[in-house]
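Peer 1: whatever this is, show me its structure:
(chains A, B, C and D)
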Amino acid sequence: MSDSAPTTWQQRSGWAGVTQTGRFGRAGGDPGVRLDLLGRQALATIIVRPGEEAALDRLMQERLGVALPATGRAAFASAGSLVWSAPGQWLVMGPAASALADLPQRLAGVAAVTDQSDGRALVRVGGADARALLAKGVSIDLHPSVFAAGATAVTSVAHINIQLWQVDDAPTYVLAVPRGFAGSFWSWLTAAAAEYGYDVQQVPA
Amino acid sequence: MSLALDRATSAAAPATSPATLQPFRTAAGGLIDRSQPLPFTFDGHAYTGVAGDTLASALLANGVRLVGRSFKYHRPRGILSAGSEEPNALVELRTGARREPNTRATVAELYEGLETASQNRWPSLRYDALSINALAAPVFAAGFYYKTFMWPASFWEKLYEPLIRRAAGLGRAAEAPDPDHYDRMHAHCDVLVIGGGPAGLAAALAAGRAGARVILVDEEATPGGRLLAERRTIGALAGTTWAGDAIGELRAMPDVRILSRTTLFGVYDHGQYGAIERVSDHVAVPEEHAPRQRYWRIAAKRAILAAGAIERPHVFGGNDRPGVMLAGAVRAYINKYGVLPGREFAVFTTSDDGWRTVADAVAAGARVVAVIDSRFEVRAGLTQAAVAAGARIMLGAQVIDTAGRPELAAITVMSDAGRTETIRCDCLAMANGWNPIVHLDSHLSRKPVWDARISAFVPGGLPGGMTAVGAAKGQFLLSDCLDGGARAGAAAAADCGFAAVSPPPYTTDPESDAHEPLWRARAGRGKAFVDFQNDVAATDIELAHREGFRAVEHLKRYTTLGMATDQGKTSNMAGLGIMAELTGQPLPQVGTTVFRPPFTPVAIGALAGHHRGQDFRATRHTPSHGWAEANGAVFVTSGQWLRAAYFPQTGETDWLETVRREVSTVRSAVGICDVSTFGKIDIQGRDAIKLIDKVCANAFASLPVGKARYAIVLREDGFVMDDGTVTRLGDTHFVMTASTANAARVMQHLEYAHQWLYPHLDVQMTSVSEQWAQFAIAGPHARDTLRRIIDPAVDISNEAFPFLAAAAITVGGGIAARLFRISFSGELAYELAVPAGYGDAAWRAILNAGASYGITPYGTEALSVMRIEKGHVATAEINGQTTARDLGLGGMMAKKKDFIGRLMKERPALIEPERPIVVGVRPVDPNDRIRAGSHFIGVDVTPGPEADEGYLTSVAFSPVLGQWIGIGLLKNGAQRHGERVRAYDPVRNGDVVVEICAPCFVDPKEEKLRV
Amino acid sequence: MRIDCPCCGLRDNGEFTYLGDASPARPDGMDASPAAMLDYVYRRDNPAGPHRELWYHGAGCRSWLVVTRDTRTHDIAEVAFARDAARARDAEKAVP
Amino acid sequence: MRYSLLSVLQQAFKGQRDWTPQWRDAAPKASYDVIIVGGGGHGLATAYYLAEQHGIRNVAVLERSHVGSGNIGRNTTIVRSNYLLPGNVPFYEKSMQLWERLEQDINYNAMVSQRGVLNLYHTDGQRDAYARRGNGMRINGIDAELLDQDQVRAMVPFLDFDNARFPIQGGLLQRRGGTVRHDAVAWGYARAASDRGVDIIQNCAVTGIRRENGRVVGVDTTRGYIGAKKVGLAVAGASSQLAAMVDMRLPIESHVLTAFVSEGLKPLIDTVVTFGAGHFYVSQSDKGGLVFGGDIDGYNSYASRGNLATIEDVMEGGMALWPGLGRLRVLRHWGGVMDMSMDGSPIIDKTHIEGLYLNAGWCYGGFKATPASGFCFAHTIANDAPHALNAAFRLDRFATGAVIDEKGVGAQPNLH
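Peer 2: Residues are numbered from 1 along each chain as shown, chains lettered A, B, ... in the order given. Here you go, the predicted model:
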């Protein structure tokens, strides 16, 4: 067997081996879509225990400086972000790989914390045609009067369950895709973006 | 007999200036661009049209009026309409892989170089051999085939059916995969306006001005509807100008979207609508990266149905002859396309608006020879233009026959007194009232209701949130369309919370919509067609009546009325009208056919969109996929996953050889297999163990921290749903695995138990299937290999970490990992889980660590061989039809706790001793090969239903035993070890005598896995 | 068809999986009778009209829902979290 | 008038004047020996076999709408006997045999076309499951062939063999399977039953089932009370409603199944093909339309219309299997209401009420069963005991555990 070395324990992003950076699709003019492949960041599922929502809210405010976002909402802060993901459940994100290491301890008795840092591949979607592009796959209403910065939804695209949240009103979105599906998701995303022209880049964590 | 037209049609057109090529193009007028000539071909002949033409208008401009042959009798057919209701002018568009059969020439936009061909004719359109069918028409009455072709019985498939099939059908499908791609778009709005005619434009304007989010869909390249086909005025503006202004205003509104070239094909529950946008059908080939069509899935709070109406033909002898057209279509060709469909017109009308045709034709330079109106009296002033044109006006008369070969040359008119007269003309315009397009509102099973004023069905109880306006509601006057549309648009916006201002009433030129329907004219000599495309004549309806097929669905199915590609848009009403006459019932009592989606046929590719070929369904890749691919693994589909089946090495020529090596290496040294595909569920909480004990059939309360246990999950009906493991990581923290095939289902089942059955339990559950890469490391050197990658502090000696131990550990210098000592191979084995981002690294590290032991990666084939050698059941046995008892796992069922499936598994038929139970099997002759799916039959027993005793579920070639082995389900199997039966496999010519044994072939005392 | 998930909003039914009638309650515990279990597992009213039924928002928030839907028209009158409905059901059962 | 080429030719010269209604549109009599509720394929076939096989001619078929207005006219016309489980196999084979002589039996050309039914497999596991099925069929004397990829390619070369997400490995072929013109089955049985004295009463909805001393005595209808010694229910889609009239709860849910037809095309495919990796199957009608379908929508419904999620799923399956379909157009889609039973298999049985018989739970497989269903139901009614062929289709099998679950999915009708 060739190529088994090296044994350096290198992490691989979910996009590795799937994506190519550069300009693709429609050739003329500015690309309508920008796809930023996000590097690994700390990500965990927090599930509140029965009756402990207020306690969890307090602990998260202490820890991250943001309150638990309401249903369908996300809150972003430099220490970490919180994204609602199901009743009583949130995704918490930290900037560095170990940023959330203290959480299980800190939230013991209040919420279950489960590391998901490696379970998702994240892509940021921006550009003039970002909304139209997503509308090809997402059946929810992305009109700014309905879905704006700070909104999140768990839904499916091209038969793949994803979560997305809008980070600004440009609009720019982040999509979290289950790692094993990254290839198929990318196939859909690039096919859908081709008519607008799209630019892919890596963004380090 | 045919007139001057023959010369134009038969002449292959020489390429000179467009004007000489288009003898029927008017000198001026129309919404076309005469400066842009567009060459095209029809049946190999070259013609030229202009920008703005449809194929139909371009053909007519060139004097081509014979366009197709009918379905059954192969009668010559021309162009009946100017829209999507067209039943006659079906052609094949384009060539090669882009060939599209059955395309209506009336909606195909012309482009430069368009290649088209007529269909359903041989050898040529003009001389079609099968037109002899018309001679046999007396035999080919409706339903004749139900009464004959029965003798001899074997001739049906051999002779009759192939003949019928070859004669039937219309166009030819392309033979290659569709080269274009299709796009899907989800859209949401407050108000969806269906149809961009005057009513739809007025509605969209009112809703848009109020601030509502509006989507306007319109079939044509440019919205405007009948405004583009008629000479009308609104206020001080020409109708076309008003429409242009309205479109301009709508386009300027930020939350209004106009979708032209878009057909709303279906209405679905809860405000969902499907539409197809023909993005690239008006060009030869889609631009690079552009889709051919885009499927719009629209969600709307309110919808306004402004789809208009379809004009009704007359039913009279020879009414299908090319040159006989709908009056509204004649006006559309003249006013919109600048084309005269003839030189000498006659009009056969029963409605006031039919008379409009006279002035339009005259204004375009044609002659109108006669206007036949079956009404005895008409409104004063209606006849003015006809009088001025010198046309004969024949009131109380009917057209009963036509002549011309093949195109129309003359009509026979019968006066009220019964006197007949032949009148020469080359175009007959038929006006018999209009049918509102009620199709879309009937998609939600709403029946339309009869409106006696217009003798037509109008929308009945409309689906939630939908309103009909204008002609779609039976309001045919332009002023009603505009005012009704505006009111409905404002109301819909108001329903969505927008303050809307009702616009002032619109004013238009004088108009009237008086009409008296004539379901069929008096009988002439020729066949009077009701359904043009399916060749259903008035006599067929009489026959259906005679034979008792009087209910509307019976009529339709027996005669095929309304079942062609036009779905009866021009024919259903006449059929009902004639049946009403025959039964003496009022028409609405005869019934209405239920219109089903789609409104017009929709390309299958458009609805499938991205999901074809490799993108049909998502593919899941394992963490070791990249390495496996680079190292030549052969992959197998396992649910959505691609898994390595085996890893051939240079020199190995046969998959069996590879698998044998992999198995032998694992059993003698060490191997590694990616098992990340198992479902992994993290379960925490004070009551986690309670939930697990309800969901699993074996007992877990006693499971200590740091231990894993095999788990069986039953369905409530007592059959096995899945197997896996449950590991107690901490007092209130568990991780459960599920099989690759059932992972999603088990997760759903756990959520069901938690949220619905036991909602009070303190449990927090989430899937971590994607988070963890997991590898099985198996074989005598598994521990040695593992020791080289785990951090030194972790003790995995047999004492410290015995069989079924589990722990959170670290690898590679502090990387969090989990180690489980579990084995499906029967060897000393571990499963190591690392965060998926480290999966590739861990896989490589383990291969490096095991290199000196001769480690092999192994795939699902070797995995399967080893589990069969051990007699472990898997998907082939856990097939949803087996109980735990069948699988030899009955003893594990907990006795003292309630769990899902507990009671039902004890039903008498599920515990009767005869029931097949899992056994091991090996051929008596070790050289024999056995195959899964073979049935067990006694050695000297003749195969038959009574002899069937079970079947082989899984087989493998066992390197340990040097022969094929298998496991299967056999009646009374537990008592039959040592007995011989046949593994009978007639579909693969297999019949092998096998010996029944215990379902475990290797290390039955399980000594290897505990060392 | 669209289902108004209490936390995700109106979603296409393709995001959900269906289980069936929400009326039968599981005869829980060791003293449940086979007859009651048979009824629970197999027999259904199958009404033509309003129907309380279980749906799972698998491609969304993974909530089980109780949807009250008319099987003749598909009109949906109510959508609730199954957990809430189940707690109400159990509370009712607890009342002697 | 007997149907034959001769009679058709004669009528051609007479302007088709002498034909008479194909069945008598009867008015209800005061009472009958047997009333069959439901004028669909199964009900009409039952009436025919009661008259033909058992000499019971004082029979009425009550139909709330008109003959053949239910699923007999809404299915995708496929017939086959490629079943897996012992309870089903002989029954469906009997049906196949009755199809093979249907035209001669009832003097009506229902265009039984044995063009073959080919079920594709895409994995080794599926291949073995089809081998299990095929071997079981062969053991029962039914034709079955397991084809490899080359053999499938030779039959249907235009499928996606080269770029598929789930490559086709082979298929299980039953050559005797095929299609039948569905409406003609209803009309043919109606005519044959009517000719044998059966009263076919249309526009007559049953509103109640009357009992005296625990035994059925008749039915209330929208056309009045009609007495009967025995009543058989054959009302798939509405079985639960009828059963509720006698306080029975059935192991049945009603679900909607969407079917599709394309525009007419010159012959393209001369067999029935079922995709093994998605929900899609297709054949071509003699008129030229591709007739296809997929999975049920999967929720209780009496609305006989489906929704976009399923429609898209079917089209995706179609394109994945056969990429040349892209430019062909769907002409019409419609829904039928299915009696989905809890194990996916039917019920033909006596009920606990004397004189009341039940024929139900056909899921979406009822069309192919029509002749055998009528044959067995007639036997069950005439003899007050099931025939050996429907001995497994008992109502009590859910209590005994002798369920017939071909798909192995358990008591969840939307998965069958």
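
Peer 1: how long is stretch D:294-306 from one end to the other?
Peer 2: 12 Å (C-alpha to C-alpha, to the nearest Å).

Peer 1: is there proximity between it and chain B?
Peer 2: Yes. Looking at stretch D:294-306 against chain B by C-beta under 8 Å from any C-beta of the partner chain, the contacts come from D:303-305. Using the backbone N, CA and C atoms, a C-beta is placed for each residue, glycine as well.

Peer 1: so the closest residue to A:Phe76 other than its chain neighbours, which state does it fall into?
Peer 2: Nearest residue to A:Phe76, sequence neighbours excluded (C-beta to C-beta, 6 or more residues apart in numbering or on different chains): A:Val167, at 6.7 Å. Put simply, A:Val167 is strand when judged by DSSP: H, G, I helix; E, B strand; the rest coil.

Peer 1: distance check, A:Val167 against A:Asp141.
Peer 2: Per C-beta to C-beta, to the nearest Å, A:Val167 is found 18 Å from A:Asp141.

Peer 1: which of the residues of stretch D:294-306 next to chain B are close to chain C?
Peer 2: Okay, of the residues of stretch D:294-306 next to chain B touching chain C (C-beta under 8 Å from any C-beta), that's D:Ala303.

Peer 1: min pLDDT across the residues of stretch D:294-306 next to chain B, which one?
Peer 2: Within the set of these, pLDDT is lowest for D:Ser304 (87).

Peer 1: re earlier: wait, isn't the residue nearest to A:Phe76 in contact with A:Val125?
Peer 2: No. Look at A:Val167 against A:Val125 with C-beta atoms under 8 Å: they stay out of range, at 9.9 Å.

Peer 1: quickly list what's touching both of the two.
Peer 2: A:173-174 (C-beta atoms under 8 Å, 6 or more residues apart in numbering or on different chains).

Peer 1: contact partners for A:Leu107?
Peer 2: Going by C-beta under 8 Å, 6+ apart, the list of residues near A:Leu107 reads A:46, A:56, A:59, A:113.

Peer 1: picking that back up, A:Val167 and A:Val125: which has the busier surroundings?
Peer 2: A:Val125 (24 against 18; other C-beta atoms under 10 Å in any protein chain shown).

Peer 1: ok, back up a step: please list all residues in contact with the residue nearest to A:Phe76.
Peer 2: Per C-beta under 8 Å, 6+ apart, neighbours of A:Val167: A:76, A:124, A:149, A:173-174.

Peer 1: change it to 7 Å
Peer 2: Applying C-beta atoms under 7 Å, 6 or more residues apart in numbering or on different chains to A:Val167 gives the contacts A:76, A:149, A:173-174.

Peer 1: most widely separated two among these?
Peer 2: A:Phe76 and A:Tyr173 (12.9 Å; C-beta to C-beta).

Peer 1: more neighbours: which of those two?
Peer 2: Neighbours were counted for A:Phe76 and for A:Tyr173 using other C-beta under 10 Å; A:Tyr173 has more, 24 against 18.

Peer 1: which strand residues bridge that one?
Peer 2: A:Val125, A:Gln166 (DSSP bridges).

Peer 1: can you tell me the closest non-neighbouring residue to B:Leu110?
Peer 2: B:Asp53 (4.2 Å).

Peer 1: burial count for the one you found?
Peer 2: B:Asp53: 30 neighbours (other C-beta under 10 Å).

Peer 1: ok, it to B:Phe24 distance?
Peer 2: 12 Å.

Peer 1: what does B:Arg209 give?
Peer 2: Distance of B:Arg209 to B:Phe24, given as C-beta to C-beta: 42 Å.

Peer 1: equivalent analysis for D:Thr400, please.
Peer 2: Counting by C-beta to C-beta - D:Thr400 and B:Phe24 are separated by 78 Å.

Peer 1: do the same with B:Ile996
Peer 2: B:Ile996 is 86 Å from B:Phe24, by C-beta to C-beta.

Peer 1: please name the nearest non-neighbouring residue to the residue of the stretch 101-250 of chain D found nearest chain B.
Peer 2: Nearest residue of the stretch 101-250 of chain D to chain B: D:Ala131, at 2.8 Å (C-beta to the nearest C-beta). Distances taken as C-beta to C-beta, 6+ apart put B:Gly933 closest to D:Ala131, at 2.8 Å, once the chain neighbours are dropped.

Peer 1: so where do the helices sit in chain A?
Peer 2: For chain A, the helices defined by DSSP state H cover A:53-64, A:103-106, A:130-135, A:182-193.

Peer 1: quick one on the thing from earlier: the residue of the stretch 101-250 of chain D closest to chain B against B:Val987, yeah?
Peer 2: Yes. At 5.6 Å, D:Ala131 and B:Val987 qualify as touching, with contact defined as C-beta atoms under 7 Å.

Peer 1: so which of the two has more stuff around it?
Peer 2: D:Ala131 (26 against 23).

Peer 1: can you confirm the more buried one is in a helix?
Peer 2: Yes. Per three-state DSSP, D:Ala131 lies within a helix segment.

Peer 1: and it, what does it touch?
Peer 2: Per C-beta under 7 Å, 6+ apart, neighbours of D:Ala131: B:931-933, B:985, B:987-988, D:146.

Peer 1: just name the closest of those residues to chain A, please.
Peer 2: Looking across these and measuring by C-beta to the nearest C-beta, the closest to chain A is B:Ala932, at 28.3 Å.

Peer 1: now that closest one. Nearest residue, chain neighbours left out?
Peer 2: The shortest distance from B:Ala932 to any non-neighbouring residue, by C-beta to C-beta, 6+ apart, is to D:Asp128 (3.8 Å).

Peer 1: need phi/psi at the one you found.
Peer 2: Torsion angles at D:Asp128 (phi, psi; degrees, to the nearest 10) stand at phi -70, psi -40.

Peer 1: separation between whatever residue of the stretch 301-450 of chain B ends up closest to chain A and B:Thr263?
Peer 2: Using C-beta to the nearest C-beta, the closest approach of the stretch 301-450 of chain B to chain A is made by B:Lys301 at 10.7 Å. In this view, B:Lys301 and B:Thr263 are 21 Å apart by C-beta to C-beta.

Peer 1: which one's more surrounded, those two?
Peer 2: B:Thr263 (25 against 19).

Peer 1: is the particular helix or strand that has that one in it up against chain A anywhere?
Peer 2: Following DSSP states H and E, one finds B:Thr263 within strand B:262-268. No. Judged by C-beta under 7 Å from any C-beta of the partner chain, strand B:262-268 and chain A are separated, with a smallest distance of 12.8 Å.
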